[in-house]
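# Build me a structure from this.
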Amino acid sequence: MTQLMNLKVKASEIDLKERVVAIKRVAKVVKGGRRFSFAAIVVVGDFNGVVGYGLGKAAEVTDAITKGIDDAKKHLIKVPIFNGTVPHENNGKFGGSRVFLKPATPGTGVIAGGGMRSVLEVAGIKNVLAKSHGSSNPHNVVKATFDALVRMREPISVAQQRGVSLTKVFNG
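This next block holds a predicted model:
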């Protein structure tokens, strides 16, 4: 996954909000019984195109969430947003999860479920149609969503590459 180096350095300067996607209790079987710990997947973003995810594991839930937030701040990406939605249709995959993102008209809202909704909302995407196929494992769904967002192309760069105007890119 591509990371933006300038965001990696300046993560503390960006006002990031966090959202917990999933918390899972895991058990390690030892001689005296089971030892429980927690794994949390967390998404952080500034609601303006910057988003990251992280995984934290600890004996306490709050410690796991804190570690997840710290990890998410190390994996920030910049997402192209055009008129409050994604610029074009795109697919993402990770493991057994497949996601599909499609631009939506203003007023539609975020039509997505589970981990996808959290990622898209903290990224600042207001209108999008999204569908998850295959595995519903929250870790894989979040990573597949990031795969789709990383593959998004800026409309301006597409117009420059084709040598046409921005309106021609969207109107055909």
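# separation between Glu60 and Val164?
According to Cβ to Cβ, to the nearest Å, Glu60 stands 55 Å off from Val164. Using the backbone N, CA and C atoms, a C-beta is placed for each residue, glycine as well.
# now Gln65, what's its secondary structure?
Actually, residue 65 is Ile rather than Gln. Secondary structure state of Ile65, per DSSP: H, G, I helix; E, B strand; the rest coil, is helix.
# Now the nearest residue to it once chain neighbours are set aside: which helix or strand?
Among residues not flanking Ile65 along the chain, Ala40 sits closest, at 4.9 Å (Cβ to Cβ, 6 or more residues apart in numbering). Counting by DSSP states H and E, the element that carries Ala40 is strand 33-45.
# List the buried residues for that strand?
37-45 (16 or more other Cβ atoms under 10 Å).
# same check, this time on stretch 122-137
Quick answer for stretch 122-137 (16+ other Cβ under 10 Å): 122-130, 132, 137.
# Including distance to Ser97, could those residues go into a markdown table?
As requested, the buried residues of stretch 122-137 are arranged in a markdown table below (distance: Cβ to Cβ, whole Å):
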| residue | distance to Ser97 |
| --- | --- |
| Val122 | 19 |
| Ala123 | 18 |
| Gly124 | 23 |
| Ile125 | 19 |
| Lys126 | 24 |
| Asn127 | 23 |
| Val128 | 17 |
| Leu129 | 17 |
| Ala130 | 12 |
| Ser132 | 7 |
| Asn137 | 6 |
